[in-house]
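**Q** any chance you can model this:
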Amino acid sequence: MKTQTIMSKTKFVLLAFLVAFSFSCSPEDGKDGAQGPAGIDGVNGQDGPTRPSIYTESGILNTGSITATTMFQPIGPVLVITKEYDDSIIEIFFNSNCASGTFAGGASGIAFEPRINESVGNYGNAGTIGLSNSEEFISIFDVFTNLEPGIHNIQMYVKTNVGTSTNVLLDPGGWGGKIIAKETF
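**A** As a prediction, this is how the structure comes out:
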């Protein structure tokens, strides 16, 4: 009987301790702390841009062939865009079949790259074809930062590694290849 009383008293003390502890840790006890920071320094941080991205797409790319040399030169139409915002960047997407032309003078490859106002992007991304008289699908993505607001010209450029290549063409057959420009934040 004495063991049973000690167990009952122990259970009672333990239960009383748990009840007391749970009440003392509840948020209802004591004073509330000071208000935390609000606005951009607050918990949720700064809101993202509320301006939507602006897209511009090219027309037909198949406007005539050129003879490529070892110096980059323009090929195909010019896509004219108007950059609206000072703090935005321009992303260029090029997706099209391309014809490598006929290699001569030791040429073993041809490179295609997008440019804005004749300048390469921040990543200098190029697509290549390593076979003479070949058509290949080329997909290129590049980013242009630090462009001022205003009118800008986007165009594809092409060159050989050595020698020349005649009849180089964008979107042979006119299957709908495109340059798409995206002004974004």
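**Q** if I look at the residue most central in space within the chain, how far off is Ser65?
**A** Residue closest to the mean C-alpha point of the chain, counted by C-alpha atoms, centre = their mean, is Glu91 at 6.8 Å. Relative to Ser65, Glu91 is positioned 28 Å away (C-beta to C-beta, to the nearest Å). (Each C-beta comes from the backbone N, C-alpha and C, glycine too.)
**Q** same deal with Pro77?
**A** 13 Å.
**Q** same question for Gly105.
**A** With the distance defined as C-beta to C-beta, Gly105 ends up 18 Å from Ser65.
**Q** compare these two (neighbour count), which wins?
**A** Here Gly105 and Ser65 are compared on neighbour count by other C-beta atoms under 10 Å; more neighbours surround Ser65, at 17 against 11.
**Q** is it true that that one touches Ser165?
**A** No - applying C-beta atoms under 8 Å, one finds Ser65 not in contact with Ser165, separated by 9.9 Å.
**Q** hey, what's in contact with both of these two?
**A** In the contact map built from C-beta atoms under 8 Å, 6 or more residues apart in numbering, the residues linked to both Ser65 and Ser165 are Gly101.
**Q** same question for stretch 151-163: list its buried residues.
**A** Of the residues in stretch 151-163, His152, Ile154, Gln155, Met156, Tyr157, Val158, Lys159, Thr160 count as buried by neighbour count, 16 or more other C-beta atoms under 10 Å.
**Q** how distant is that stretch from the center of its chain?
**A** Taking C-alpha atoms, centre = their mean, to the nearest Å, the mean C-alpha location of stretch 151-163 is offset from the chain mean by 21 Å.
**Q** sounds good, over and out.
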